[in-house]
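Visitor: sequence plus the predicted model coming up.
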Amino acid sequence: MSDSFPRSPYDETDGVVYFPRMCDKIRQHAEGRLAPDYHANLGRGMDLWTCQFFGIDYEDLAKRVREGATDAEALAWAREAGIDRPEHDFAWWSAYMRTRGFRDDLAERLKARKAESGFENREDIVTFMDYIDADEGR
């Protein structure tokens with residue numbers, strides 16, 4: 001087991017945030033390097049939201065990534081296999097993901113997670129992506 005964490009949720013592939021992190025978690029899990037704390041949420045939470053946005057099944061994406069697809073190849077497949085969206089939807093999606101937890105339906109959940117982690121006084125953590133990066137030491 002590695003002490004490394006998956007890539008930051010802020011990392012992008014072709015302007016789409018979070019997608020590289022999801023692919024990285026799939027690879028690390030397949031290689032036995034993903035910490036057990038992450039296993040229960042594979043394909044859930046932000047992974048699920050991302051797949052829903054693309055209109056693809058998480059397991060279908062995971063299979064392609066496990067077979068060796070790069071982030072760019074996996075993203076190209078998701079765009080081809082999923083919902084046909086105009087380019088501006090991808091900018092909207094990335095903005096949406098970057099702000100989850102900030103004055104939205106997940107704000108109380110973020111507040112609770114910060115308290116559980118001892119981050120309740122961290123005013124720089126205002127979104128779930130901020131929280132993930134802080135929790136993983138970035």
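Guide: Here it is on my side, so go on.
Visitor: please make it C-alpha for all contacts and neighbour counts, starting now.
Guide: Noted.
Visitor: most remote residue from the chain's center?
Guide: Ranking residues of the chain by C-alpha distance from their mean position (C-alpha atoms, centre = their mean) puts residue 121 at the top, at 24.5 Å.
Visitor: surely it is within a strand?
Guide: No: counting by DSSP: H, G, I helix; E, B strand; the rest coil, one finds residue 121 to be coil, located in no strand.
Visitor: give me the pLDDT for it.
Guide: What the model reports for residue 121 is a pLDDT of 96.
Visitor: list the buried residues in stretch 20-33.
Guide: In terms of neighbour count (16 or more other C-alpha atoms under 10 Å), stretch 20-33 has its buried residues at 20, 21, 22, 23, 24, 25, 26, 27, 28, 29, 33.
Visitor: hmm, who's touching that stretch?
Guide: Stretch 20-33 is contacted from outside by 1-2, 6-9, 11-13, 34, 39, 42, 47, 62, 65-66, 71, using C-alpha atoms under 8 Å, 6 or more residues apart in numbering.
Visitor: how far does it sit from the chain's center?
Guide: In terms of C-alpha atoms, centre = their mean, to the nearest Å, the gap separating the centre of stretch 20-33 from the centre of its chain is 11 Å.
Visitor: list the contacts for residue 114?
Guide: When contacts are counted by C-alpha under 8 Å, 6+ apart, residue 114 is found next to 120, 131.
Visitor: quick one: it from residue 96, how far?
Guide: Residue 114 sits 20 Å away from residue 96, going by C-alpha to C-alpha, to the nearest Å.
Visitor: repeat for residue 124
Guide: Counting by C-alpha to C-alpha, the gap from residue 124 to residue 96 is 18 Å.
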